[in-house]
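Enquirer: Only the shape, not the letters, is given here:
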């Protein structure tokens with residue numbers, strides 16, 4: 001296994017750990033700040049660029065913008081349904097909506 005994949009794993013794991021720590025301390029805004037900090041995206045852009053060049057980076061960035069809409073549906077599902085139907089049910093439903101909307105977008109984009 002190449003060392004770069006181990007480094008990617010460490011960066012991702014560190015970010016998840018940091019977010020979990022602050023969220024468990026009821027510091028949701030700070031946790032969200034670290035979760036949305038573009039460190040992972042920047043590292044991803046860098047690694048894609050090093051592997052495949054500028055065109056691949058732009059294609060990935062465009063994909064991130066397009067997939068923002070299914071992600072927002074997922075987040076709003078968690079916000080609005082957790083108090084009504086419980087965390088696990090809203091999480092499952094949110095993931096289902098994300099996959100559904102993402103598949104619809106991918107299907108539409110193919111045409």
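Expert: Done, it's in. Predicted model only: the values in this text are computed from it and were never measured.
Enquirer: For the helix ranked longest in the chain, which residues meet the burial criterion?
Expert: Using DSSP state H to define each element, the chain has its longest helix at helix 87-110. For helix 87-110, the neighbour count (16 or more other C-beta atoms under 10 Å) marks 90, 94, 98, 101-102 as buried. From N, CA and C alone the C-beta is placed, and that goes for glycine too.
Enquirer: ok, now stretch 48-60?
Expert: 48, 57.
Enquirer: to the chain's geometric centre, what's the distance from it?
Expert: The chain centroid and the centroid of stretch 48-60 are separated by 18 Å, computed with C-alpha atoms, centre = their mean, to the nearest Å.
Enquirer: Ok, stretch 40-59 next?
Expert: So, by C-alpha atoms, centre = their mean, the centroid of stretch 40-59 is 16 Å from its chain's centroid.
Enquirer: Might you report the residue contacts of the residue most central in space within the chain?
Expert: Nearest to the geometric centre of the chain sits residue 71, at 7.6 Å (C-alpha atoms, centre = their mean). Counting by C-beta atoms under 8 Å, 6 or more residues apart in numbering, residue 71 makes contact with residue 98.
Enquirer: Which pLDDT value goes with it?
Expert: Looking at residue 71, its pLDDT stands at 95.
Enquirer: buried residues in the helix or strand encompassing it?
Expert: Here residue 71 sits within helix 68-85, counting by DSSP states H and E. Neighbour counts using 16+ other C-beta under 10 Å place 70, 74, 77, 81 of helix 68-85 among the buried residues.
Enquirer: now, which of these sits nearest residue 30?
Expert: residue 74 (21.3 Å; C-beta to C-beta).
Enquirer: who touches that closest one in this structure?
Expert: Applying C-beta under 8 Å, 6+ apart, the residues near residue 74 are 94-95, 97-98.
Enquirer: count of neighbours near residue 19?
Expert: 19 (other C-beta atoms under 10 Å).
Enquirer: Contacts only, for it.
Expert: Counted by C-beta under 8 Å, 6+ apart, residue 19 has contacts 31-32, 34-35.
Enquirer: Please repeat the previous calculation with a cut-off of 7 Å.
Expert: By C-beta atoms under 7 Å, 6 or more residues apart in numbering, the residues touching residue 19 are 31, 34-35.
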